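Trainee: Next input, structure requested:
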Amino acid sequence: MVTFNFRLTGRGKVQFPLSKLEKLDTVLQQCAAGEGIRLGGYIAIRKGAVIASSNLIADGDEIDIFPAISGG
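Mentor: Numbering: from 1, shown residues only. Purely as a prediction, here's the structure:
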């Protein structure tokens with residue numbers, strides 16, 4: 001299982017089964033769709049470091065997902 005922590009939303013932690021290495025964006029899109037979460041731009045953080053959508057994630061990873069917010 002990989003755990004996504006949807007920060008700054010009311011959703012919180014969501015666990016998603018993962019049996020092999022997968023790209024973050026692929027798994028996150030599937031997880032969000034299955035949970036009914038509308039996913040726009042996001043920033044993903046694993047173990048204190050920002051990771052790209054193309055990074056591989058593994059079973060046991062815990063990833064914080066923040067909505068990408070801009071302002072001026």
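
Trainee: packing partners for whatever helix or strand Val50 lives in?
Mentor: Mapping Val50 onto the secondary structure by DSSP states H and E places it in strand 49-51. Packing contacts for strand 49-51, counted by 3 or more CB pairs under 8 Å, 6 or more residues apart in numbering; DSSP states H and E, involve strand 42-46. Where C-beta positions appear, they are placed from N, C-alpha and C, glycine not excepted.

Trainee: Name the residues that touch the strand it packs on?
Mentor: The contact list for strand 42-46, computed with CB atoms under 8 Å, 6 or more residues apart in numbering, reads 24, 28, 50-53, 55, 57, 61-68.

Trainee: in this structure, which spans are helices?
Mentor: Taking DSSP state H as the criterion, the chain carries its helices at 24-35.

Trainee: which stretches of it have low pLDDT?
Mentor: Under the criterion of pLDDT under 70, the regions of the chain flagged as low confidence span 71-72.

Trainee: residues of the strand holding Val50 that come out buried?
Mentor: Going by neighbour count (16 or more other CB atoms under 10 Å), the buried part of strand 49-51 is Ile51.
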